[in-house]
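Colleague: no sequence on hand, only this structure:
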Ligand SMILES: NC(=O)C1=CN([C@@H]2O[C@H](COP(=O)(O)OP(=O)(O)OC[C@H]3O[C@@H](n4cnc5c(N)ncnc54)[C@H](OP(=O)(O)O)[C@@H]3O)[C@@H](O)[C@H]2O)C=CC1
Ligand SMILES: CC(C)(CO)C(=O)C(=O)O
């Protein structure tokens, strides 16, 4: 059984590398620059629990043809690249292959499904953070395995993921899981605008109030739409904004688990801005704006975060304090 990682970047190299370390047959498809980096330094995986793995002898390819024989394809490109990846996969994949989108946002599975009618396409979710440290080193900074839409076709792979230390949790209805993750990802722009590691950012009430405002707005819309987000954290999603607004000392005492984040961890949106790439803002906070529109409402806080990230993408960049940002979101 061959597993392909399609889009070998932060998440792809980490998840694929763990699978190889667990004994799975994995082919990585990604960019030449990443292949060169891995050829020069090898793949070095660490995690917040102290795991430290060196993975050698990777099969790294740069063309879609490399997945022609794959039985399971893990799609791990950024959301804006999904359409292109789907077209490439459609030209080479064998019928019946299983394709899982392990991407943030809600729509990637749909985009893949439309273009891959002969394959089994499932939506998945990565709850943890991976920092690309450069030189072939990738670090998992927060806890979690992998979540995925339930399907019998996944049965042959369950053991490989368990051996990789990234067990698959299957969900009959994955949409509430995706929305629950999206609620957490509403912090991505706040983190990117703060220019701080996640733990430093979430330690400050100013930034937490920004996230709480974005989550409150989203929760009201989800309620109107009849969607109840799944419970991914110790705290139900509905109670998160109230806890985020607590003063720092109280927050540290009552929500210490939320700060149990590796000091290096950042968000993928911060990484995108840092690398001068287009971010996934349209697929995260932009999704909330679209939900509001579909209900004949508005989502001003999330719309403002979209606008601010657009401005950062165009440059020049600046670091916002929590209070400055909160004022902007409320203006
Ligand atoms: N990083 C994280 O901590 C987390 C990320 N996620 C989600 O996982 C997904 C992947 O994120 P991440 O790993 O950070 O992204 P990266 O940008 O690090 O990795 C994606 C890689 O795929 C490459 N790529 C794009 N299109 C193709 C293609 N058609 N064929 C081959 N390679 C391609 C990209 O190259 P290029 O840059 O040249 O386009 C890039 O190297 C996103 O949806 C993200 O939101 C979820 C949880 C945590
Ligand atoms: C894990 C989390 C929420 C934060 O790193 C993420 O999904 C991301 O960075 O995109």
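Modeller: Good, I have the coordinates. Model, not experiment: these values are computed from the prediction. Ligands and ions are numbered 1, 2, ... in the order given.
Colleague: hey, let's count contacts and neighbours off CA atoms from now on
Modeller: Noted.
Colleague: ok so residue 176 is a helix residue?
Modeller: Yes. Secondary structure assignment places residue 176 in a helix (DSSP: H, G, I helix; E, B strand; the rest coil).
Colleague: show me which residues of the stretch 51-200 of the chain sit near ligand 1.
Modeller: By the criterion of C-alpha under 6 Å from any ligand atom, the positions of the stretch 51-200 of the chain lying close to ligand 1 are 76-79, 81, 84-85, 103-104, 126-131.
Colleague: spit out the contact partners of residue 309.
Modeller: Contacts for residue 309 were tallied using C-alpha atoms under 8 Å, 6 or more residues apart in numbering; they are 189, 193, 281.
Colleague: what about it, which helix or strand?
Modeller: Taking DSSP states H and E as the definition, one finds residue 309 inside helix 300-314.
Colleague: up against ligand 2, what does the stretch 101-250 of the chain have?
Modeller: Of all the residues in the stretch 101-250 of the chain, those in contact range of ligand 2 (C-alpha under 6 Å from any ligand atom) are 127-129, 184-185.
Colleague: okay if I get the residues you listed as CSV plus neighbour count and pLDDT?
Modeller: Formatted as CSV, those follow (neighbours: other C-alpha atoms under 10 Å; pLDDT from 0 to 100):
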residue, neighbour count, pLDDT
127, 22, 94
128, 14, 93
129, 21, 90
184, 19, 96
185, 23, 97
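Colleague: tell me who's in contact with residue 221.
Modeller: Contacts were defined as C-alpha under 8 Å, 6+ apart; by that measure residue 221 touches 291-292, 295.
Colleague: of those, which are in range of ligand 1?
Modeller: Cross-checking the contacts of residue 221 against ligand 1 (C-alpha under 6 Å from any ligand atom) gives no overlapping residues.
Colleague: show only the entries of those residues found in helices.
Modeller: In helices, judged by DSSP state H, the following of the contacts of residue 221 are found: 291-292.
Colleague: most neighbours, which of the contacts of residue 221?
Modeller: The member of those that has the most neighbours, counting by other C-alpha atoms under 10 Å, is residue 292 with 21 neighbours.
Colleague: quick one: pLDDT of the residue lying closest to that one once chain neighbours are set aside?
Modeller: Once flanking residues are discounted, residue 292 sits nearest to residue 298: 5.1 Å by C-alpha to C-alpha, 6 or more residues apart in numbering. Confidence at residue 298, expressed as pLDDT, is 98.
Colleague: wait, residue 298 sits on residue 286?
Modeller: No. Residue 298 is beyond contact range of residue 286, at 11.5 Å (criterion: C-alpha atoms under 8 Å).
Colleague: more crowded one of the two?
Modeller: Taking neighbours as other C-alpha under 10 Å, residue 298 and residue 286 compare with residue 286 leading, 21 against 17.
Colleague: dump the residue contacts of the residue lying closest to the more buried one once chain neighbours are set aside.
Modeller: Using C-alpha to C-alpha, 6+ apart and skipping the chain neighbours, the partner closest in space to residue 286 is residue 306 (6.4 Å). Under the criterion of C-alpha under 8 Å, 6+ apart, the contact partners of residue 306 comprise 189, 281-282, 285-286.
Colleague: same deal with residue 107?
Modeller: Contact partners of residue 107, counting by C-alpha under 8 Å, 6+ apart, are residue 283.
Colleague: hmm, try it at 10 Å
Modeller: Residue 107 makes contact with 79, 82, 101, 113, 123, 178, 283, 287, according to C-alpha atoms under 10 Å, 6 or more residues apart in numbering.
Colleague: nice, that's everything, thank you.
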